[in-house]
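Undergrad: everything below, folded, please.
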Amino acid sequence: MSLALVPDKPRILIAGGGYVGLYTALRLLKKLRRDEATVTVVDPRSYMTYLPFLPEAAAGNVAPRNLVAPLRGVLTGAEVVTGHVVSVDQADEVAHVRTAAGDELELPFDHLVVALGSISRTFPIPGLAEHGIGMKSVEEAISLRNHVMAQLDLADSTADEAVKRKALTFVFVGGGFAGVETIAEVEDMARDAAGNYRNVSREDMRFILVEAAGRILPEMGADLGVWTTEKLQARGVEVYLETSMESCVDQHVVLANGVATDASTIVWTAGVRPNPVLAHFGLPLGPRGHVDTLPTLQVRGLDHVWAAGDNAQVPDLAGEEGAWCPPNAQHAVRQAPVLADNVLAALRGRAPKEYRHKNLGAVAGLGLHKGVAILFGKVKLKGRPAWWFHRLYHGSRVPTLNRKIRVFVDWILASLLKRETVGLIELEHPRDPFTEAATPSRSRT
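TA: Residues are numbered from 1 along each chain as shown. As a prediction, the model looks like this:
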């Protein structure tokens, strides 16, 4: 089935509903004149996820529903299509979309915003596809939390020491923000949860962080990276630098430095790569698959196509010559309003402006009341002050006032009440009990 949706006014088609897609659409809807253009957002999910909160969601500090923003509820006045942009015909200025229902749409556009983001960057490591857990979505974060709690339940209920050891061994691969924040938050949660078990203590658990480079959190600088490593090690986390995971077949982890262990939990956060569907968009791509853009966020050679965020290589005019802006949330939310204003300028016959930024620094949460931060490239914070700044900054960046209030309420309750350490592992297979009950061949008592 093939449909064609042709608007009676210019269409701004936004492929992707993440940071760039959502914030660009919000600004366009606010600034467009009546009947000046149609804004259409296409994304396979019906919501935007605030990714920096995934580690806190995995630790239970933020409710999962509060770190997502429903696209239809937020983008009132826009067309929202749940589906995938599978290819783009640049000559005819038409995007080919496959909806969640399987329908094929042809969406003509006057301006195209490419905001597909990134996916996990993986390597052909034996066993990784079967046993690895990613951290790129709210579903993965909640699954990780439930899985970890299930392992504590398993360890508490077994008399087999080998089974217990495997259940309580947690391996995290990747020493960037995602990996460090996730292992820190999960270790913090597991330490608190251990107090509820008769046969499990923190000393029974083994947390391992693996990083191929010579330090963790490279964006923080060498000294803060070393400080974070020391703090993690003081909490009992084994940190292995300049090493990699060679295999994890049957959940038996083998590291390049000779360390080998059975581990029931293997979390992969070793980088991201641009969405591979970009290869079908007819765009100039950089050496790593990013869309090649000008400082105005226009795609090189295509004045009506724009890109920003994780899937774009945007020249960093505040950095060294030839440098690109890092693919992180800070740049995405700051590029989006510039992109929206430039699309409006193009619609109205004005010249676009270049994206320039000042370095705000970086923040990382390391569990409750623990963090590390560098502000404006100069001011360095550690411990509780960094944790407070981390929460204030990211709390202010969450889209919509509704979500901001809900997140801060979650944090207030977490500071006043004991941490919830229940895992809902049945969410992984919610129909199993009903299927068992409804199967006639099952014996009944």
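Undergrad: burial check on the closest residue in space to His394 that isn't next to it in sequence, number of neighbours?
TA: Distance criterion C-beta to C-beta, 6 or more residues apart in numbering; nearest residue to His394, sequence neighbours excluded, is Pro52 at 5.2 Å. Every residue, glycine included, has its C-beta placed from N, CA and C. Using other C-beta atoms under 10 Å, Pro52 has 22 neighbouring residues.
Undergrad: okay, Pro52: pLDDT?
TA: Note on Pro52: pLDDT of 87.
Undergrad: and if you look at Val422?
TA: In this model, Val422 is scored at 69, pLDDT.
Undergrad: quick one: low-confidence parts of this protein?
TA: 1-7, 377, 422-423, 426, 441-445 (pLDDT under 70).
Undergrad: show the subsequent helix or strand relative to the longest strand along it.
TA: What stands out as the longest strand in the chain, according to DSSP state E, is strand 79-89. Next along the chain after strand 79-89, taking DSSP states H and E as the criterion, comes strand 94-99.
Undergrad: list of residues touching that following strand?
TA: With C-beta atoms under 8 Å, 6 or more residues apart in numbering as the test, strand 94-99 has contacts from 13, 15, 42, 81-89, 104-109, 112.
Undergrad: in PDB, could you pull the C-alpha coordinates for that strand?
TA: Extracted in PDB, the C-alpha atoms of strand 94-99 (Å, rounded to 0.1, in the frame of the first residue of the first chain):
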ATOM      1  CA  VAL A  94      10.400  13.000  -1.300                       C
ATOM      2  CA  ALA A  95      10.900  10.800   1.800                       C
ATOM      3  CA  HIS A  96       9.800   7.200   1.800                       C
ATOM      4  CA  VAL A  97       8.300   6.200   5.100                       C
ATOM      5  CA  ARG A  98       7.200   2.900   6.500                       C
ATOM      6  CA  THR A  99       4.700   3.400   9.300                       C
END
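Undergrad: just the strands in the stretch 251-400 of the chain please.
TA: 252-255, 260-262, 265-268, 272-274, 291-292, 298-299, 302-307, 312-313, 361-365, 371-375, 379-382 (DSSP state E, counting those that start in this stretch).
Undergrad: looking at these, which is closest to Thr158?
TA: Nearest of these to Thr158, taken as C-beta to C-beta: strand 260-262 at 13.6 Å.
Undergrad: ok so, going back, give me the buried subset of the contacts of strand 94-99.
TA: 13, 15, 42, 81-85, 88, 105, 107-109, 112 (16 or more other C-beta atoms under 10 Å).
Undergrad: related to what we said a few turns ago, hmm, the residue nearest to His394 is touching Gln330, no?
TA: No. Between Pro52 and Gln330 there is no contact under C-beta atoms under 8 Å: 9.2 Å.
Undergrad: His169 and Thr158, how far apart?
TA: Small correction: residue 169 is Thr, not His. 14 Å (C-beta to C-beta, to the nearest Å).
Undergrad: higher neighbour count, these two?
TA: Neighbour count, other C-beta under 10 Å: between Thr169 and Thr158, Thr169 has more, with 22 against 14.
Undergrad: look up phi and psi at that one.
TA: phi -110, psi 120 (degrees, to the nearest 10).
Undergrad: how about Glu185?
TA: With angles defined as degrees, to the nearest 10, Glu185 sits at phi -70, psi -40.
Undergrad: tell me how many other residues crowd the closest residue to it other than its chain neighbours.
TA: Spatial nearest neighbour of Glu185, chain neighbours left out: Ala59 (3.8 Å); criterion: C-beta to C-beta, 6+ apart. A count of nearby residues for Ala59, using other C-beta under 10 Å, gives 28.
Undergrad: list the contacts for Ala59?
TA: Taking C-beta under 8 Å, 6+ apart as the test, what Ala59 contacts is 145, 185-186, 188-189, 367.
Undergrad: reformat the residues you listed as JSON lines; add neighbour count and distance to Ala351.
TA: Shown next, in JSON lines, are the contacts of Ala59 (neighbours: other C-beta atoms under 10 Å; distance: C-beta to C-beta, whole Å):
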{"residue": "Arg145", "neighbour count": "23", "distance to Ala351": "49"}
{"residue": "Glu185", "neighbour count": "26", "distance to Ala351": "45"}
{"residue": "Val186", "neighbour count": "23", "distance to Ala351": "49"}
{"residue": "Asp188", "neighbour count": "21", "distance to Ala351": "50"}
{"residue": "Met189", "neighbour count": "24", "distance to Ala351": "51"}
{"residue": "Gly367", "neighbour count": "24", "distance to Ala351": "48"}
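Undergrad: a markdown table please, covering those and showing distance to Arg384.
TA: Output for those, formatted as a markdown table (distance: C-beta to C-beta, whole Å):
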| residue | distance to Arg384 |
| --- | --- |
| Arg145 | 24 |
| Glu185 | 16 |
| Val186 | 20 |
| Asp188 | 14 |
| Met189 | 18 |
| Gly367 | 11 |
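Undergrad: restricted to helices, list the residues you listed.
TA: Using DSSP state H, the subset of the contacts of Ala59 located in helices is 145, 185-186, 188-189.
Undergrad: farthest pair within these?
TA: Arg145 and Asp188 (12.1 Å).
Undergrad: show me where the stretch 251-400 of the chain has helices.
TA: For the stretch 251-400 of the chain, the helices defined by DSSP state H, counting those that start in this stretch cover 329-347, 384-397.
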